[in-house]
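Peer 1: Could you look at this predicted model? Sequence included:
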Amino acid sequence: MRFSDFILLLNTLWFGGAFIQFSIAQGNTLKILVPREERGNPIAPTLSASVAFLGGINLPIGLLSFYLLAARPAFFQALEAQVALFVFFAACHFSQFAYNLPVLMRGGRVGVAYWPVLRGPMLRIFVIDATLFVANLAVAVMLGS
């Protein structure tokens, strides 16, 4: 398996997993984002329901990764297309990583606000998105050079 194929597989698994986490397991996501003592707050169900759109955003990205890996469409054979799509995937991972940086700079969970970036599932998300950002960008650079 080529490195680029391996990264497409990781993209597929990661974005597919994000779809499940945010769109199907919304209650679990609420437990990550909201401290136990605040889950009875009337706004908690609204927050839980609103994270479904995050899954909706991640699903097509995962499906695109899977399609490129499994179908090997003719347009994806062009080097320029491969570079553009790996830069796109890198940007997707970077945006998810980057939006955790301000939360991290504030110190993560502050009282009942924000979420703990450096603990539990959010740490895993933070590290994997950073790693896959670098990996996708590396593939794009290798293909482009």
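Peer 2: Looks like it came in fine.

Peer 1: Low-confidence bits of the protein, can you list those?
Peer 2: 112-113 (pLDDT under 70).

Peer 1: Where do the helices of it begin and end?
Peer 2: 3-19, 26-33, 44-50, 52-71, 79-98, 101-105, 120-144 (DSSP state H).

Peer 1: Of these, give the one that comes closest to residue 114.
Peer 2: helix 101-105 (4.9 Å; C-beta to C-beta). Just so you know, the C-beta spots here come from the backbone N, C-alpha and C atoms, and that holds for glycine as well.

Peer 1: List the buried residues for the closest one?
Peer 2: Using 16 or more other C-beta atoms under 10 Å as the test for burial, helix 101-105 gives residue 103.

Peer 1: And stretch 110-119, by the same measure?
Peer 2: Buried-residue list, stretch 110-119, by 16+ other C-beta under 10 Å: 114, 115, 116, 117.

Peer 1: Pull the residues that contact that stretch.
Peer 2: 32-35, 37-38, 100, 103-104, 106, 108-109, 122-123, 126 (C-beta atoms under 8 Å, 6 or more residues apart in numbering).

Peer 1: same thing with stretch 122-140?
Peer 2: 3-4, 7, 10-11, 14, 32, 82-83, 86-87, 89-90, 93-94, 96-97, 100, 104, 115-118.

Peer 1: Apply the buried test to the residues you listed and list what passes.
Peer 2: 4, 7, 10-11, 14, 82-83, 86-87, 89-90, 93-94, 96-97, 100, 115-117.
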